[in-house]
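Undergrad: Below are the sequence and a predicted model for it; my questions follow.
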Amino acid sequence: MTPSSQGQHKLPQDFVIVTGLSGAGKTQAVHCLEDMGFYCVDNMPPDLLPQFAELCAHSQGHISRVAVVMDIRGGFFFQKLPEVVQTLRTLGYHPRVIFLEASEETLVRRFKETRRRHPLATRRRSLLDSIRLEYKQLRELRASADKVIDTTATNTKMLKEEIAALFHDRVDSSRMLVNVISFGYKHGIPVDADLVFDVRFLRNPHYVCDLQPLTGLDEAVEAYVMADDGAAPFLEKMQDLLTFSMPRYTEEGKSYLAVGIGCTGGHHRSVVLARLLASFLREQGYEVVLEHRDLKK
């Protein structure tokens with residue numbers, strides 16, 4: 001049964017296949033998509049894609065944005081990717097293929113820095129030869145990709161902005177993209193933050209036994225934080241500041257804004273305020289990427 005004949009099922013709004021050269025930044029790209037609300041799967045064999053797509057269609061809309069990483073690690077199975085992509089399109093899906101690449105010099109440097117082994121490396125094949133062989137094998141896939149991103153001179157912030165821009169057509173194109181980041185000051189301020197708000201003055205759930213093991217994603221923590229007399233007024237002032245400043249940033253040509261909200265450890269207060277601020281900005285029509293940087297630390 002094809003998806004088109006299943007009226008009660010809903011196809012994913014966005015279906016993305018991330019591929020490209022080893023060391024070109026696929027992991028960072030998937031992290032960006034995950035922060036944007038994508039359900040991400042790494043290194044899936046292409047033969048399983050149609051069944052996975054159908055599973056998403058049966059999720060009753062719970063899985064509306066999907067990203068799958070497929071690369072040379074799949075060996076023989078990876079060679080079937082172009083064929084499987086065509087099969088998906090025949091079934092009514094519209095996968096978008098994002099291909100990441102970088103210069104030979106950059107890839108060599110990255111592998112040496114991480115001390116990772118290239119998937120095609122052998123005792124008789126050097127790192128550079130492995131990179132060149134991989135590029136040769138992926139040349140056809142690169143030519144058919146919907147988007148090719150060169151990460152040679154791209155940092156994490158720039159990559160995040162470029163990927164987010166691919167899905168900017170979901171909202172008013174005149175609206176900027178906003179990355180709201182919760183973080184812990186003891187782990188450092190996000191290097192890509194344009195604006196930083198400190199919420200350490202709010203009472204800390206860390207010192208409440210029942211709340212300490214929870215996070216700002218839990219209702220009990222949110223209720224505790226927002227019961228502080230200063231929480232709601234501070235949230236309102238952040239909203240007012242962004243409502244005032246963001247249209248002016250847009251007028252000056254700024255298309256991306258990173259907003260950091262920090263508490264001590266990045267588990268409770270900052271997570272609550274970041275979630276509420278992100279929700280407010282989405283209601284205003286902005287495309288928002290919500291990232292809890294230190295939640296698992």
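TA: Sure thing, it's come through.
Undergrad: Surely Tyr249 is in contact with Val259?
TA: No. Tyr249 is not in contact with Val259 according to Cβ atoms under 8 Å; the separation is 11.4 Å. To be clear about C-beta, it is placed using only N, CA and C from the backbone, and glycine gets the same treatment.
Undergrad: More neighbours: which of the two?
TA: Higher neighbour count among Tyr249 and Val259: Val259, with 24 against 15, using other Cβ atoms under 10 Å.
Undergrad: check contacts around that one.
TA: 178-181, 193-197, 242, 277 (Cβ atoms under 8 Å, 6 or more residues apart in numbering).
Undergrad: Provide the secondary structure category for it.
TA: Put simply, Val259 is strand when judged by DSSP: H, G, I helix; E, B strand; the rest coil.
Undergrad: partner residues bridging it?
TA: Beta-bridge partners for Val259, by DSSP bridges, are Val180, Leu195.
Undergrad: before we move on, back to that, most neighbours among the contacts of Val259, please name it.
TA: Neighbour counts for these, by other Cβ under 10 Å, peak at Val180, which reaches 28 neighbours.
Undergrad: closest to Ala145 among the contacts of Val259?
TA: When the contacts of Val259 are compared for distance to Ala145 (Cβ to Cβ), Asn179 wins out at 24.8 Å.
Undergrad: Surely the closest one is in contact with Ile163?
TA: No. In this structure, Asn179 is not within contact of Ile163 by Cβ under 8 Å, at 11.2 Å.
Undergrad: Give me the common contacts of the two.
TA: Contact with both Asn179 and Ile163 is made by no residue, according to Cβ under 8 Å, 6+ apart.
Undergrad: Low-confidence bits of the chain, can you list those?
TA: By pLDDT under 70, the low-scoring segments of the chain are 1-11, 168-175.
Undergrad: again, only using 80
TA: By pLDDT under 80, the low-scoring segments of the chain are 1-13, 35-36, 60-62, 76-77, 157, 161, 165, 167-176, 252-255.
Undergrad: Show me the domain layout of it.
TA: Split into domains by automatic domain parsing, the chain comes to 3-170, 177-292.
Undergrad: gap between the lengthiest helix in the chain and the chain center?
TA: Scanning the chain for the helix with the most residues, using DSSP state H, yields helix 231-251. Distance of helix 231-251 from the chain centroid (Cα atoms, centre = their mean, to the nearest Å) equals 24 Å.
Undergrad: got the residue ranges for the helices in the stretch 1-150 of the chain?
TA: Assigned by DSSP state H, counting those that start in this stretch, the stretch 1-150 of the chain shows helices spanning 26-35, 49-57, 81-90, 104-114, 127-144.
Undergrad: Give me the helices and strands touching the longest one, please.
TA: Right, the one you point to is helix 127-144. Under the contact criterion of 3 or more Cβ pairs under 8 Å, 6 or more residues apart in numbering; DSSP states H and E, helix 127-144 touches strand 14-20, helix 81-90, strand 96-101, helix 104-114.
Undergrad: Mind listing residues that contact that helix?
TA: 19-23, 72, 81-82, 85, 97, 99, 101, 104, 107-108, 111-112, 118-122, 125, 148.
Undergrad: Any buried residues in that helix, and which?
TA: Within helix 127-144, the residues scored as buried using 16 or more other Cβ atoms under 10 Å are 127, 130-131, 134, 138, 141-142.
Undergrad: same deal with the fourth one?
TA: Of the residues in helix 104-114, those scored as buried under the neighbour-count criterion (16+ other Cβ under 10 Å) are 106-108, 110-111.
Undergrad: go on, the shortest one?
TA: Going by neighbour count (16+ other Cβ under 10 Å), the buried part of helix 49-57 is 49-50, 52-54, 56-57.
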